[in-house]
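J.: Take this sequence and fold it.
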Amino acid sequence: PKRLYRSIKGEVPEGSYTEEIGKAKTVTEGDDVTLVTYGTMLHTAKEAAGRASAEGISAEVIDLRTIAPYDGEAILASVRKTGRLVIVVEAPSIASMASEIAAFVAEEAVEYLEAPVTRVTGYDTPYPYALDHLYLPDADRVYEAVKKTVNF
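T.: Residues are numbered from 1 along each chain as shown. Here you go, the predicted model:
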């Protein structure tokens, strides 16, 4: 989204380095709920997790970093620990990475879930570029989903 162009700065290692394809990174450790995301939604998920923390909710944030392949084992390990899953992506919920992850967890770890898997996504409509601030998930939507999932 255009709103993020040049708005986020981070550390870049000096010299040559590599990142492992298909290996997620746990950005924030938590025990109450797992937030799985990638790309620009990582910043939104981290903001929502911070708000949840202020309310006593411990959210684990997982950055997939790659989606083909994605790190299913990292997702499963976290869901087994927290018992709850919120997936945050920009894309609509239909036929998206959020749908794929939800199906994967339903197939592989349903017995660990204490609440239904929640998807926070763009809306199932054509993308309105002029209204991306309304279309894309924001920290408020993610935070509300976290509260609803934890309080299920």
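
J.: Wait, a strand at residue 57?
T.: No. Per DSSP: H, G, I helix; E, B strand; the rest coil, residue 57 lies outside any strand segment and is coil.

J.: and the gap between it and residue 19?
T.: Here residue 57 is placed at a distance of 30 Å from residue 19 (Cβ to Cβ, to the nearest Å). Quick note: C-beta positions are derived from backbone N, CA and C, even for glycine.

J.: just residue 36 next, same as before
T.: When Cβ to Cβ is the yardstick, residue 36 and residue 19 sit 18 Å from each other.

J.: Name the residue in these two with the higher neighbour count.
T.: Using other Cβ atoms under 10 Å, the more surrounded residue of residue 36 and residue 19 is residue 36, with 29 against 9.

J.: Dump the C-alpha coordinates for the helix or strand encompassing that one into PDB.
T.: Assigned by DSSP states H and E, residue 36 belongs to strand 33-37. What follows is strand 33-37, C-alpha atoms only, in PDB (Å, rounded to 0.1, in the frame of the first residue of the first chain):
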ATOM      1  CA  VAL A  33      -2.900 -16.000  21.200                       C
ATOM      2  CA  THR A  34      -0.900 -16.400  18.000                       C
ATOM      3  CA  LEU A  35      -0.900 -13.700  15.300                       C
ATOM      4  CA  VAL A  36       0.400 -14.900  12.000                       C
ATOM      5  CA  THR A  37       1.200 -12.400   9.200                       C
END
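
J.: counting contacts, what elements does it pack onto?
T.: Helices and strands touching strand 33-37, by 3 or more Cβ pairs under 8 Å, 6 or more residues apart in numbering; DSSP states H and E, are helix 41-54, strand 59-63, helix 72-82, strand 85-92, helix 139-150.

J.: For that strand, which strands pair with it and how are they oriented?
T.: Partner strands and pairing direction for strand 33-37 (DSSP bridges) are strand 59-63 (parallel), strand 85-92 (parallel).

J.: Same list (those strands) but as JSON lines, adding distance to residue 98 and mean pLDDT.
T.: Below are the strands paired with strand 33-37 laid out as JSON lines (distance: least, Cβ to Cβ, whole Å; pLDDT from 0 to 100):
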{"stretch": "strand 59-63", "distance to residue 98": "13", "mean pLDDT": "98"}
{"stretch": "strand 85-92", "distance to residue 98": "4", "mean pLDDT": "96"}
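
J.: What is the neighbour count of the closest residue to residue 41 other than its chain neighbours?
T.: Excluding the flanking residues, the one nearest residue 41 by Cβ to Cβ, 6 or more residues apart in numbering is residue 88, at 4.8 Å. For residue 88, the tally of surrounding residues (other Cβ under 10 Å) stands at 26.
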